[in-house]
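In: Make a model of this:
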Amino acid sequence: MKTVNLAADRKTDALRRQIEELGPWFHNLRIGGVETAPDHFLGDYPAFKFARFADAVPEDLSGKSVLDIGCNAGFYSLEMKRRGAAEVLGIDSDDRYLAQARFAAEALGHDGIEFRNLSVYDVGKLGRRFDLVIFMGVLYHLRHPLLALDLIREHVAGDMMLFQTMQQGSSDVLLVPEDHPFHVPGTSRPPGFFDNPAYPRLHFIERKFAHDWTNWWAPNKAGAQALLRAAGFTIEAEPEEEVYLCRAASIPFGELMGRPAVYPAQGPEEGTDA
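Out: Numbers count the residues shown, from 1 in each chain. Presented below is the predicted three-dimensional model:
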């Protein structure tokens, strides 16, 4: 019995060393009884957060394809595979995160998950659409957030999108007019709704937010919802604050603007279908 326990301890120690070598981790995953980020400043992240809106995602994803944009260490990619997704592709622009994700998928025995170094701005290179797109915790790190949503809608969103962004400011949503007047009728004064905290806003962060220089934008609630609609998504549910389950829909004014300028710089990568 001692020999068996000693072998198990050695295996756990070796696993812990591998996890530490791949660190630091932002996703706290449980691999062989070892947590990858047990001292995460947010707690058991993102598991505790996902538990609050997990019911918004279909429990059975059999036969479905999933694209996880900004996959980090692969928490959501792994979860979608657990739910039976036939195909899961996680993309990120950070090779360390991708190495963590590949290690986690292999260690947990999840086949059929691919991880690739690809930016959200390059999703057109994939040359295909997915049944579910996961776009969680990425928008506020982007210098061009609406372009990213346009690209997703134009090139990869086949049906559903699970979306999350940091929100700051008012949680109220103002019903804005269909057409904004330049002045208050009969006066030369600008309309007052631009001063309403519930008007759709996208706050620009010039320096740092929470010690992070990559936090560029913080929409209020109305702003986040307006961005989604403007890119051609309808919001079907808000299972938790900042989290939206959306479906691809028609693009506002699409018939007037023609095809949006959201084409990839290059065509689909070799081996993919256009």
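In: pLDDT of whatever helix or strand residue 68 lives in, averaged?
Out: Taking DSSP states H and E as the definition, one finds residue 68 inside strand 65-69. Averaged over strand 65-69, pLDDT sits at 98.
In: what's the answer for stretch 11-20, then?
Out: 90.
In: and the angle for the helix or strand hosting residue 89 with strand 65-69?
Out: Here residue 89 sits within strand 87-92, counting by DSSP H and E. Counting by axes from the mean of the first three to the mean of the last three C-alpha atoms, to 10 degrees, strand 87-92 lies at 10 degrees to strand 65-69.
In: what about the strands in the stretch 101-250 of the chain?
Out: Under the criterion DSSP state E, counting those that start in this stretch, the stretch 101-250 of the chain carries strands at the ranges 113-117, 130-136, 157-164, 202-204, 217-219, 233-240, 243-248.
In: helices and strands around the third one, which ones?
Out: Using 3 or more C-beta pairs under 8 Å, 6 or more residues apart in numbering; DSSP states H and E as the contact criterion, the secondary-structure elements in contact with strand 157-164 are strand 130-136, strand 233-240, strand 243-248. The C-beta positions use only the backbone N, C-alpha and C, and glycine is treated the same way.
In: Including mean neighbour count, mean pLDDT and distance to residue 114, could these go into TSV?
Out: Below are the helices and strands packed on strand 157-164 laid out as TSV (neighbours: other C-beta atoms under 10 Å; pLDDT from 0 to 100; distance: least, C-beta to C-beta, whole Å):
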stretch	mean neighbour count	mean pLDDT	distance to residue 114
strand 130-136	23	98	12
strand 233-240	16	97	25
strand 243-248	20	98	23
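In: Using TSV, lay out these together with distance to residue 34.
Out: Compiled in TSV, the helices and strands packed on strand 157-164 are given as follows (distance: least, C-beta to C-beta, whole Å):
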stretch	distance to residue 34
strand 130-136	24
strand 233-240	28
strand 243-248	28
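In: Indicate which one of those is closest to residue 205.
Out: strand 130-136 (19.2 Å; C-beta to C-beta).
In: Residues contacting stretch 52-67, please?
Out: 77, 79-80, 83-89, 91, 123, 126, 130-134, 156, 158, 162, 237, 239-240, 243, 245 (C-beta atoms under 8 Å, 6 or more residues apart in numbering).
In: rerun at 7 Å
Out: 80, 83-89, 130-134, 156, 162, 237, 239-240, 243, 245 (C-beta atoms under 7 Å, 6 or more residues apart in numbering).
In: now swap in stretch 144-153 and tell me
Out: Stretch 144-153 is contacted from outside by 120-121, 123-124, 133, 135, 139, 142, 217, 227-228, 230-233, 248, 251, 260, 262, using C-beta under 7 Å, 6+ apart.
In: Could you tell me which residues within it count as buried?
Out: 145, 147-153 (16 or more other C-beta atoms under 10 Å).
In: do stretch 38-51 as well
Out: For stretch 38-51, using 16+ other C-beta under 10 Å, the buried residues are 40, 46, 49-50.
In: what do you get for stretch 178-196?
Out: residue 191.
In: gap between the two ends of it?
Out: Counting by C-alpha to C-alpha, to the nearest Å, you get 16 Å between the two ends of stretch 178-196.
In: mean confidence for that stretch?
Out: For stretch 178-196, the per-residue pLDDT averages 90.
In: contacting residues around it?
Out: 174, 176, 199.
In: List buried members of those residues by neighbour count.
Out: 176, 199.
In: Compute the number of surrounding residues for residue 159.
Out: Using other C-beta atoms under 10 Å, residue 159 has 14 neighbouring residues.
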